[in-house]
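Dropping the sequence and predicted coords here.
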Amino acid sequence: MVTGLIVFHLLYARNKLQKLFPSRDLQLYTGIVTIIIESALPLTIFGIIYAVMGTVGIPSTTAAIERFLIAYYTICTLFFSFCSSQQEIGIVEEKKV
């Protein structure tokens, strides 16, 4: 949700600036939007899948349980690794400032 608001605000600002300065090339704002979308998209996707898998009941057969647990632990690993990488990116950005 927050990512969507940031992207909307950047695109809105880009359109306003383009109207004010029609001769300027404003590709910088498009690049920023792309970076934000790409960095938040994997976390969002794996977060949604993780939430859905957490609310779905465990299957009744043994083979289905094994497949479900393999998929669940894989999604958990990916989700939490992206969560920690997002925090590391934030820490690096704070130190640069």
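All right, it came through fine.

Helix or strand: which one has the closest residue in space to residue 53 that isn't next to it in sequence?
Closest residue in space to residue 53, ignoring its immediate chain neighbours: residue 72 at 5.2 Å, by CB to CB, 6 or more residues apart in numbering. For glycine as for every other residue, the C-beta is placed from the backbone atoms N, C-alpha and C. Here residue 72, judged by DSSP states H and E, is contained in helix 62-96.

for residue 10, same thing?
helix 2-20.

Show the average pLDDT along that helix.
Mean pLDDT, helix 2-20: 74.

Against which helices or strands is it packed?
Counting contacts by 3 or more CB pairs under 8 Å, 6 or more residues apart in numbering; DSSP states H and E, helix 2-20 packs against helix 27-55.

where in the protein is pLDDT low?
1-4, 24-30, 32-39, 85-97 (pLDDT under 70).

90 instead?
1-48, 53-54, 56-60, 77-97 (pLDDT under 90).

If you count neighbours, what's buried in the helix holding residue 10?
7, 10, 14 (16 or more other CB atoms under 10 Å).

how about residue 76, what does it touch?
Residues near residue 76 by CB atoms under 8 Å, 6 or more residues apart in numbering: residue 50.
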